[in-house]
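Novice: coords please:
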Amino acid sequence: MRQFLHSKIHQARVTEANLDYVGSITIDEALMDLADISEFEKVLIVDNTNGARLETYVIKGERASGVIGINGAAAHLINAGDEVIIITFHYAEKAVEPTCVLVDEKNQFVRYLSETAGTIPSF
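Specialist: Residues are numbered from 1 along each chain as shown. Below is the predicted model:
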C-alpha cells in the first residue's frame, strides 16, 4: 500500500486563529463536501504565506460561511489572513485522480483543479 493525495482545498484564506481552543482546523461544511473531507479526518496544512506545515484534524464549520479557522497551538504558526492549502491523503494500491478545489479570497468555490503532473524538463 502507498499513500496518495486524496483531496485538497487550494488557496484558502485563514479567517480566524484561536489560541484558546483545544486544537484542530474548522472548515466550512460546504467546502468539506466539495473536497470530500470528513469531520475528524486528519489533514496536512501548508501555509503559503510563511512556509509552516502541520497536521491536525477537521471540525465542521458553518455551511457557506467561508470559515477556515486555525485552533489551539497551531495558531502560533498560522495566522488569520494567511493563504493555506488543506490536504488529505488515502492508502491504496494505485493512485486515482484526487479532488482538488480552488477557492477565492473569501473561501468560496471557484472550480475544480486537475493534479496532472507536468512534463519533466530535459537537461
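
Novice: show me where this structure has strands.
Specialist: All strands of the chain, identified by DSSP state E, fall at 2-13, 16-18, 24-28, 42-47, 53-61, 68-71, 83-92, 99-103, 109-113.

Novice: given the third one, what are its sheet partners and their directions?
Specialist: Note on strand 24-28: by DSSP bridges, its sheet partners are strand 53-61 (parallel), strand 68-71 (antiparallel).

Novice: pick the most buried one from those strands.
Specialist: Sort those by mean neighbour count, taking mean count of other CB atoms under 10 Å, and strand 68-71 sits at the top with a mean of 24. To be clear about C-beta, it is placed using only N, CA and C from the backbone, and glycine gets the same treatment.

Novice: mind exporting the C-alpha coordinates of that one to CSV?
Specialist: Extracted in CSV, the C-alpha atoms of strand 68-71 (Å, rounded to 0.1, in the frame of the first residue of the first chain):
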residue,chain,number,x,y,z
ILE,A,68,-11.2,28.4,7.8
GLY,A,69,-10.2,28.6,11.5
ILE,A,70,-6.9,27.5,12.9
ASN,A,71,-7.4,26.4,16.5
